[in-house]
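A.B. asks: kindly return the folded structure for what I paste below:
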Amino acid sequence: MQTFRLFLLIILLHSSASYAGLELGNDAPDIQGELLDGKVFSLNAYKEKVILVNFWASWCEPCREEMPAIEAYLKKNKVKGFEVLAITVDKPADMEQAKQIMKNYSFLFAEKQQINYSGYGRIWRIPSSFIIDKQGKLRKNGLTGDPKVNTKLLEEIVTPLLTTQ
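C.D. replies: Here you go, the predicted model:
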């Protein structure tokens, strides 16, 4: 019985790390729902753009620390086809604080209750950022590696994607 439990644990841990084929180079699962401004969002409608999908929360200090660098990069590269979708995992009671924070940024903004991102599995750490290229392929998996985004990472991963067709 002990061996069987260990086997199940190993399977569960492995499946959560590679949930739904979230492997670099694979098609990124769609994300659909309503943004906080009431507009409908579908990741599939953003082909031809490089998208950073950022899961964050208002109480998460590392989340708030990385946002200015993401915003600066977005301002510099939006015309080249870069976009950011910030999905807050805040509880409804904390949404006012999240909205206040987002007033400082030009990201597309959604709350987890209004958007379907089930293809990405359970978001168990934040910040978690996923980068999707112009062909809809996953280029950074936010569930593995370093969770934080900074200018160096954006320059290394996103900049080359903006120049490719």
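A.B. asks: if I pick the spatially most central residue of the chain, what's in contact with it?
C.D. replies: The residue lying closest to the centre of the chain (Cα atoms, centre = their mean) is residue 53, at 2.6 Å. By Cβ atoms under 8 Å, 6 or more residues apart in numbering, the contact list for residue 53 reads 31, 43, 85, 87, 117, 120, 129-132, 142. All C-beta spots, glycine's among them, are computed from the backbone N, C-alpha and C.
A.B. asks: try 7 Å
C.D. replies: 31, 85, 87, 129-130, 132 (Cβ atoms under 7 Å, 6 or more residues apart in numbering).
A.B. asks: same question, residue 73
C.D. replies: Residue 73 neighbours (Cβ under 7 Å, 6+ apart): 151, 154.
A.B. asks: can you rerun that using 8 Å?
C.D. replies: Residue 73 makes contact with 82, 151, 154, 158, according to Cβ under 8 Å, 6+ apart.
A.B. asks: which of those residues count as buried?
C.D. replies: 82, 154, 158 (16 or more other Cβ atoms under 10 Å).
A.B. asks: circling back: which members of the contacts of residue 73 are positioned in strands?
C.D. replies: Among the contacts of residue 73, the ones falling in strands (DSSP state E) are residue 82.
A.B. asks: may I ask which two of the contacts of residue 73 are separated the most?
C.D. replies: 82 and 151 (13.0 Å; Cβ to Cβ).
A.B. asks: where along the protein do the strands fall?
C.D. replies: Counting by DSSP E, the strands of the chain are 32-34, 40-42, 50-56, 82-88, 108-111, 115-116, 128-132, 138-140.
A.B. asks: tell me where the model's unsure across the chain.
C.D. replies: 1-21, 164-165 (pLDDT under 70).
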